[in-house]
Structures are given as structure tokens and as C-alpha cells.
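heads up, no residue letters with this:
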């Protein structure tokens with residue numbers, strides 16, 4: 001069995017408490033914080049029968065590796081995960097919706113992308129191993145629980161993975177500022193993988209060439225691009241809108 005990992009912050013710990021309380025080894029909380037949010041959180045943990053440990057802010061910060069813990073951290077066992085992207089795709093009974101992130105190395109951006117992916121019902125998020133950040137404690141906190149619910153696959157060769165998706169008739173649509181079409185001119189109702197790059201740099205050349213189609217987001221103001229998590233939200237929810245979900 002793998003060693004327990006740490007989640008921190010009300011959202012990240014709260015989602016685990018709601019979805020899989022049996023996987024929580026123990027929760028550390030700051031007893032000097034007596035506001036309604038903390039009281040409600042502690043009551044839910046007690047109701048679930050989870051072990052609660054009082055700890056000061058410094059101890060929780062050391063445990064979580066962050067001072068943004070909100071007075072809450074938990075040691076948790078890893079949840080059973082889908083072992084491979086192929087296994088996940090084989091199990092789907094509805095049109096595939098994937099988010100592919102090329103070159104997103106900031107944990108706050110990844111966390112925000114996972115959060116919006118969860119909200120839009122994305123089946124998985126895919127990223128290259130050598131141009132991406134893994135899921136760490138910061139990602140989990142920013143994701144507000146979505147790091148626990150959205151499968152995140154880091155692949156050795158992103159272009160090859162896109163080719164494999166195309167072999168499964170999944171249309172790979174990349175975003176680029178100079179694309180001839182806008183997002184709103186393409187059909188997103190079928191199996192789709194939306195490919196986004198880091199803010200400013202965009203998707204890499206090989207990734208761009210591998211995509212079936214490129215689209216752009218209309219930019220009416222002075223800024224040239226959106227943050228990748230915002231762009232992900234725009235793209236994914238356009239797919240949600242088209243699918244009538």
C-alpha cells in the first residue's frame with residue numbers, strides 16, 4: 001500500500017470527506033479557529049467518524065507544505081484510480097470530452113484547470129511528462145477537490161497520444177491565436193479533445209501540427225490571450241452548451 005498523502009484546505013479535504021471518508025487516516029485542525037465554517041467542518045468529520053487531531057497553524061503548515069491551509073489538513077490514503085487512458089476510454093458510454101494541456105507548469109493553473117474540468121464533466125485531463133506539473137498539494141488545494149475526481153494522465157509523448165486519440169475517432173482541436181476559425185464555428189458535440197497551451201506560449205509546434213483543427217477565442221480588448229484555466233473554461237463550457245448538458 002502506498003504511503004498516505006496530504007490534502008489541505010476546506011475544499012480539498014471537504015470533498016474527500018464527502019466522497020470517501022473511509023480513506024482519511026486523520027484530520028488536523030486548528031482549534032483556535034472557531035468560526036462557523038470550521039465548526040461545520042469539524043461536525044461533519046465527527047459525524048463521519050474520522051480521527052480529529054488538534055494542531056496549531058505552524059504544525060499544519062509543516063504538514064501541508066503551505067501557509068494557505070485554512071487551518072485544515074488531512075493525511076489520506078490514495079483512492080483507486082483508472083490505470084490507463086485506454087482503460088478509461090474503453091469504459092465510456094457517451095461522447096468523449098478530454099482536456100489536453102501542453103506546457104502548463106504552474107500548479108495554480110493546473111489546479112484551476114482541473115476544477116473547471118470537473119465542473120464541465122471532462123472524462124480526463126492529459127499532459128506531457130516533460131512539460132507539465134504533477135498533482136501536488138498546491139494543485140489539490142486550488143482544484144478544490146477536483147484533483148480527486150478528474151483522472152490526470154501524464155504521457156511520455158503527447159503527439160503520439162493525440163494520434164492514438166485520433167485513431168479512436170476523437171477529434172483533436174487545438175487553440176491558437178492565428179487560427180482561421182473561432183471556437184464557436186466548430187462542432188463539439190462528438191468525441192473531442194480540446195488542446196490548450198500555457199498562457200503566452202501556446203501549444204508547441206509539433207502538438208499544433210498533430211491537431212485535426214485549430215480554433216481561436218475572439219479577443220475584443222487589448223490583451224492578447226487569456227489565462228489557460230479561463231480559456232479552458234470557455235472551451236469546455238462551449239462543448240457543454242453544444243451537447244445540451
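Now that the structure is in, tell me what you want to look at. These figures come from a predicted structure and were not determined experimentally. Numbers count the residues shown, from 1 in each chain.

not counting residues beside it along the chain, what's closest to residue 120?
In this structure, residue 120 finds its nearest non-sequential neighbour in residue 236, 3.8 Å apart by Cβ to Cβ, 6 or more residues apart in numbering. Bear in mind the C-beta positions are built from the backbone N, C-alpha and C, glycine included.

spit out the contact partners of the one you found.
The contact partners of residue 236, taken as Cβ atoms under 8 Å, 6 or more residues apart in numbering, are 97, 99, 116, 117, 120, 122, 194.

that's a strand at it, yeah?
No - with DSSP: H, G, I helix; E, B strand; the rest coil as the criterion, residue 236 is assigned helix and is not in a strand.

which other helices and strands contact the helix or strand of the chain with the lowest mean pLDDT?
Across the helices and strands of the chain, mean pLDDT, DSSP states H and E gives its lowest value to helix 146-149, namely a mean of 79. When contacts are defined as 3 or more Cβ pairs under 8 Å, 6 or more residues apart in numbering; DSSP states H and E, helix 146-149 packs onto helix 10-19, helix 107-120, helix 137-143.

who does the first one touch, helix- and strand-wise?
I take that to be helix 10-19. strand 24-29, helix 36-47, strand 72-76, helix 137-143, helix 146-149.

ok now the last one, how far from the chain's centre?
I take that to be helix 146-149. 7 Å (Cα atoms, centre = their mean, to the nearest Å).

whichever helix or strand comes after that helix pairs with which strands, parallel or anti?
Where DSSP states H and E defines the elements, the next helix or strand beyond helix 146-149 is strand 152-155. Sheet pairing of strand 152-155 (DSSP bridges) gives strand 124-128 (parallel).

could you give the average pLDDT over the strand it pairs with?
For strand 124-128, mean pLDDT rounds to 95.

could you give the angle of that strand to helix 107-120?
150 degrees (axes from the mean of the first three to the mean of the last three Cα atoms, to 10 degrees).

centre of the chain to strand 124-128, how far?
How far strand 124-128 lies from its chain's middle: 9 Å, per Cα atoms, centre = their mean.

with stretch 154-170 instead?
Centre to centre, stretch against its chain (Cα atoms, centre = their mean), the figure for stretch 154-170 is 19 Å.

flag the shaky bits of this structure, pLDDT-wise.
For the chain, the stretches with pLDDT under 70 are 1-3, 80-82, 245.

walk me through the domains of it.
Under automatic domain parsing, the residue ranges defining each domain of the chain are 5-76, 85-243.

what's the span of the longest one, first residue to last?
End-to-end distance for domain 85-243: 23 Å, by Cα to Cα, to the nearest Å.

related to what we said a few turns ago, list the contacts of the least confident helix or strand of the chain.
7, 12, 15-16, 19-20, 79, 111, 114-115, 117-119, 135, 139-140.

which element, helix or strand, includes the residue nearest to residue 175 when sequence neighbours are not counted?
Among residues not flanking residue 175 along the chain, residue 196 sits closest, at 5.2 Å (Cβ to Cβ, 6+ apart). Using DSSP H and E, the element containing residue 196 is strand 192-197.

just checking, what packs against that strand?
strand 97-102, helix 158-167, strand 171-175, helix 228-243.

tell me which of these sits nearest to residue 29.
Closest to residue 29 of the helices and strands packed on strand 192-197 is helix 228-243 (Cβ to Cβ; 29.0 Å).

now do that closest one against strand 171-175, angle only.
140 degrees.

next, the buried residues of helix 228-243.
Neighbour-count burial for helix 228-243, with 16 or more other Cβ atoms under 10 Å as criterion, is recorded at 228-236, 238-240, 243.
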